[in-house]
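**Q** all I have is the shape, not the residue letters:
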């Protein structure tokens, strides 16, 4: 007769379940490093994302993995990469890029280059989308983009600039022809951003939860769909840091489901999810 399900041995490569106490340790770690609050509902997600590392390192419990993180900074960065990777795609929340093309860029008249910061760029779709839009309006010169993320893993993907063809769904045929290269041979089924676009985006690892490095001033900063992971105090601190990097009249653009109510730091809402610094 078969043994009860709960008594059956786990496969050799399957780790123990993530206990509440173990989950609390990872919650504290990701908050300390990135300011991200992992709600209790994220426990299954955390277990799933970290399980592959337990198997790779032949560990049987999340407590063992936690001890590994305390000893090994590189493995800690790997865990941060796994827990902070978020979904993104080209022309996500397209109205923001319409506003960039139709309102912000035509009004640009400063002698210095037009500068954009994609402050949580993930795998690069956001800054590359902005680059295509800017190139269409300003041409090949007079602008630059900084793109940053806390995850080294997604930054490596972003620098490569190669994506599955399915990701091109929201890119117009005209922009695909001008700024994207279709993969052939071993790269069949993918496309790559043209070097003329990739070279205009500077990808850097930046942690928004601590004092910012010297990055200069910007005409537009995108901070979209990441503040939902921060508590109120962390949101206030991050918005203050970024608002201080806006040029007079510059724009901070957040996700459509987000708001700066209560901590606008002198920024004025000009439409939902778009805020402007005083001129």
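**A** Okay, I see it. Treat the numbers as computed from the prediction; the structure is a model and nothing was measured. Numbers count the residues shown, from 1 in each chain.
**Q** let me know the secondary structure of residue 163.
**A** The three-state label given to residue 163 by DSSP: H, G, I helix; E, B strand; the rest coil is strand.
**Q** give the contact list for it.
**A** The contact partners of residue 163, by CB atoms under 8 Å, 6 or more residues apart in numbering, come to 123, 125, 190-192. Bear in mind the C-beta positions are built from the backbone N, C-alpha and C, glycine included.
**Q** repeat that for residue 209.
**A** With contacts defined as CB under 8 Å, 6+ apart, residue 209 is in contact with 33-35, 150, 234, 237-238.
**Q** reformat these as CSV; add pLDDT.
**A** Written out in CSV, the entries for the contacts of residue 209 read as follows (pLDDT from 0 to 100):
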residue, pLDDT
33, 83
34, 80
35, 81
150, 92
234, 90
237, 93
238, 93
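**Q** circling back to that earlier point, among the contacts of residue 163, name the ones in strands.
**A** The members of those that map onto strands under DSSP state E are 190-192.
**Q** sorry, back to before: out of the contacts of residue 163, who's nearest residue 249?
**A** Using CB to CB, the shortest approach to residue 249 within these belongs to residue 125, at 26.9 Å.
**Q** can you give me the neighbour number for the closest one?
**A** Counted with other CB atoms under 10 Å, the neighbours of residue 125 add up to 23.
**Q** likewise for the one 5 residues further on?
**A** The number of residues packed near residue 130 is 26, by other CB under 10 Å.
**Q** just to revisit the earlier point, looking at the contacts of residue 163, which one is closest to residue 246?
**A** Nearest to residue 246 out of those is residue 125 (CB to CB; 23.0 Å).
**Q** how far away is that closest one from residue 96?
**A** Distance of residue 125 to residue 96, computed by CB to CB, to the nearest Å: 13 Å.
**Q** my read is that residue 97 contacts residue 91, right?
**A** Yes - at 6.0 Å, residue 97 counts as touching residue 91 under the criterion of CB atoms under 8 Å.
**Q** following the lowest-mean-pLDDT helix or strand in the chain, which helix or strand shows up next?
**A** Counting by mean pLDDT, DSSP states H and E, the weakest-scoring helix or strand in the chain turns out to be helix 73-84, with a mean of 86. Sequence-wise, the next helix or strand downstream of helix 73-84 (DSSP states H and E) is helix 94-99.
**Q** which neighbouring elements make contact with that following helix?
**A** For helix 94-99, the contact count by 3 or more CB pairs under 8 Å, 6 or more residues apart in numbering; DSSP states H and E identifies helix 125-138 as packing neighbours.
**Q** buried ones in the helix it packs on?
**A** Of the residues in helix 125-138, those buried under the neighbour-count criterion (16 or more other CB atoms under 10 Å) are 125-135.
**Q** and what of stretch 195-209?
**A** Counting neighbours by 16+ other CB under 10 Å, stretch 195-209 gives 197-198, 200-201, 203, 206, 208-209 as buried.
**Q** narrow the residues you listed to those in strands?
**A** When DSSP E is applied, those are split such that 201, 203 fall in strands.
**Q** which one among the buried residues of stretch 195-209 gets closest to residue 48?
**A** Minimum separation from residue 48 among those (CB to CB) is found for residue 209, which lies at 24.1 Å.
**Q** contacts only, for residue 232.
**A** By CB under 8 Å, 6+ apart, the contact list for residue 232 reads 262-263.
**Q** if you set the cut-off to 6 Å instead, what comes out?
**A** With contact set as CB atoms under 6 Å, 6 or more residues apart in numbering, residue 232 has no partners.
**Q** what pLDDT does the model give it?
**A** If you check residue 232, the pLDDT there is 87.
**Q** just to be sure, residue 253 is in a helix?
**A** No - following the definition three-state DSSP, residue 253 is strand and is not counted among the residues of a helix.
**Q** partner residues bridging it?
**A** For residue 253, the residues forming beta bridges with it (DSSP bridges) are residue 222, residue 274.
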